[in-house]
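Asker: Mind folding the following:
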Amino acid sequence: MLVFLSVLFSAKILRKLPKSLINLPNKDYWLKGENISKTETIISHETLLFGTATLVFLFVVGLLALEANLSRMPEFSNTD
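Answerer: You can find the predicted model right below:
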């Protein structure tokens, strides 16, 4: 899952994707040869922030699930 998310949040994948799958305003301008490196830098920065937040969230959820599974089950008294 970590590898999948790392590839998903990688901006280097922009060069390999067909232009029809990329949704940007003024797509032709931003994906031109001289502008692609600037576009990759901007998208890389933004996806790095979003990817880091996503991975931290998944890590915290995993820790909480582990803690819940390792804790003792509550014991209920039978008071009929």
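
Asker: and Leu55, what element?
Answerer: According to DSSP states H and E, Leu55 maps onto helix 36-70.

Asker: buried sites along that helix?
Answerer: Neighbour-count burial for helix 36-70 flags 39-40, 43-44, 47, 51 (criterion: 16 or more other CB atoms under 10 Å). Placement of C-beta: from N, CA and C, glycine included.

Asker: out of these, which one sits closest to Ala65?
Answerer: Minimum distance to Ala65 across those is 20.9 Å, recorded for Gly51 (CB to CB).

Asker: these two touch, right, that closest one and Leu5?
Answerer: Yes: the criterion here is CB atoms under 8 Å, and Gly51 meets it with Leu5 at 6.4 Å.

Asker: What separation is there between Thr47 and Val7?
Answerer: 11 Å (CB to CB, to the nearest Å).

Asker: do you know how far the residue nearest to the spatial centre of the chain is from Val61?
Answerer: Closest residue to the average C-alpha location of the chain: Gly51 at 3.5 Å, with CA atoms, centre = their mean. Remark: distance between Gly51 and Val61 (CB to CB) = 16 Å.

Asker: average pLDDT across the helix holding Leu55?
Answerer: For helix 36-70, mean pLDDT rounds to 87.

Asker: Show me what it is packed up against.
Answerer: Contact here means 3 or more CB pairs under 8 Å, 6 or more residues apart in numbering; DSSP states H and E; on that basis helix 36-70 packs against helix 2-8.

Asker: need the next SSE after the helix it packs on, C-terminal direction.
Answerer: Following helix 2-8 toward the C-terminus (DSSP H and E): helix 27-30.

Asker: That following helix: how far from the chain's middle?
Answerer: Helix 27-30 sits 24 Å away from the centroid of its parent chain (CA atoms, centre = their mean, to the nearest Å).

Asker: outside of it, which residues touch it?
Answerer: Helix 27-30 has contacts (CB atoms under 8 Å, 6 or more residues apart in numbering) with 19, 24, 35-36, 39.

Asker: Please consider this matter closed, and thank you.
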